[in-house]
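Participant: what's the 3D shape of this:
(chains A and B)
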Amino acid sequence: AQSVTQPDIHITVSEGASLELRCNYSYGATPYLFWYVQSPGQGLQLLLKYFSGDTLVQGIKGFEAEFKRSQSSFNLRKPSVHWSDAAEYFCAVDGNKLVFGAGTILRVKS
Amino acid sequence: GAGVSQSPRYKVAKRGQDVALRCDPISGHVSLFWYQQALGQGPEFLTYFQNEAQLDKSGLPSDRFFAERPEGSVSTLKIQRTQQEDSAVYLCASSMDGRSNQPQHFGDGTRLSIL
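Facilitator: Sure thing, here's the model as predicted:
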């Protein structure tokens, strides 16, 4: 069965610093991979998705993610974090239904 | 157009009561999903509809949970004889046709608290 691991529960970065959130997945075939963001009291907003082709995908709000099959990873990156990026981030894999990781809470310090 | 709409946003019920949570998907979206998100966890799949047909209910935790989508649009998730462990945020999502490469669009959820 597919699974997703986000090893970091919390991450704190300074505003303007770069960010990388880790995601590892387990899936028997080529996965469809997603990153979602959730602000308190709100639903999930799609940041970006990977289906096939170019392994570096661009998303909204300046985020990007790189699919590495050899490492079963799909890490999310942003070169310069803004205070408004503080939220919880979920990685997910879809093999007919979305399977989510436990999430990483991002804190941004000014 | 409007996004996925869920109501109520907050629901407090006493243990043993029945509750009904409503989801209004994006107009024209064929597929509808329900997820349960416990505090500090990622969402977990409950059930999936394609139009009015419930194609997968493997995630429903017990027979106290029941979902329907009788006309292929609005869906209701019903929980009978609620227990404290049912306290969670219930998220609804819809997608155009349910294929894995179609992103799911989420509502803001219903936060259910069982006293």
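
Participant: Show me the beta-bridge partners of the residue nearest to residue A:73 when sequence neighbours are not counted.
Facilitator: Computed as CB to CB, 6 or more residues apart in numbering or on different chains, the closest residue to residue A:73 that is not its neighbour in sequence is residue A:24, at 5.3 Å. Where you see a C-beta, it was placed from the backbone N, CA and C, and this is true even at glycine. Under DSSP bridges, the beta-bridge partners of residue A:24 are residue A:5, residue A:73.

Participant: Residue A:102 and chain B, how far apart?
Facilitator: Note on residue A:102: its distance to chain B, by CB to the nearest CB, to the nearest Å, is 5 Å.

Participant: Just the pLDDT for the residue nearest to that residue when sequence neighbours are not counted.
Facilitator: The spatial neighbour of residue A:102 that comes closest, neighbours along the chain excluded (CB to CB, 6+ apart), is residue B:42 at 5.0 Å. As predicted, residue B:42 sits at a pLDDT of 93.

Participant: Which residues are in contact with residue A:60?
Facilitator: A:46, A:47, A:48 (CB atoms under 8 Å, 6 or more residues apart in numbering or on different chains).

Participant: Now do the SS call for the first one.
Facilitator: When states are read from DSSP: H, G, I helix; E, B strand; the rest coil, the local structure at residue A:46 comes out as strand.

Participant: residues near it, how many?
Facilitator: Look at residue A:46: counted by other CB atoms under 10 Å in any protein chain shown, it has 16 neighbours.

Participant: Chain A contacts on chain B?
Facilitator: Residues of chain B found near chain A (CB under 8 Å from any CB of the partner chain) are B:4, B:33, B:35, B:40-45, B:48, B:56, B:59, B:91, B:93, B:100-101, B:103-109.

Participant: re earlier: any idea how far the residue nearest to residue A:73 is from chain B?
Facilitator: 14 Å.

Participant: Fine by me, thanks again.
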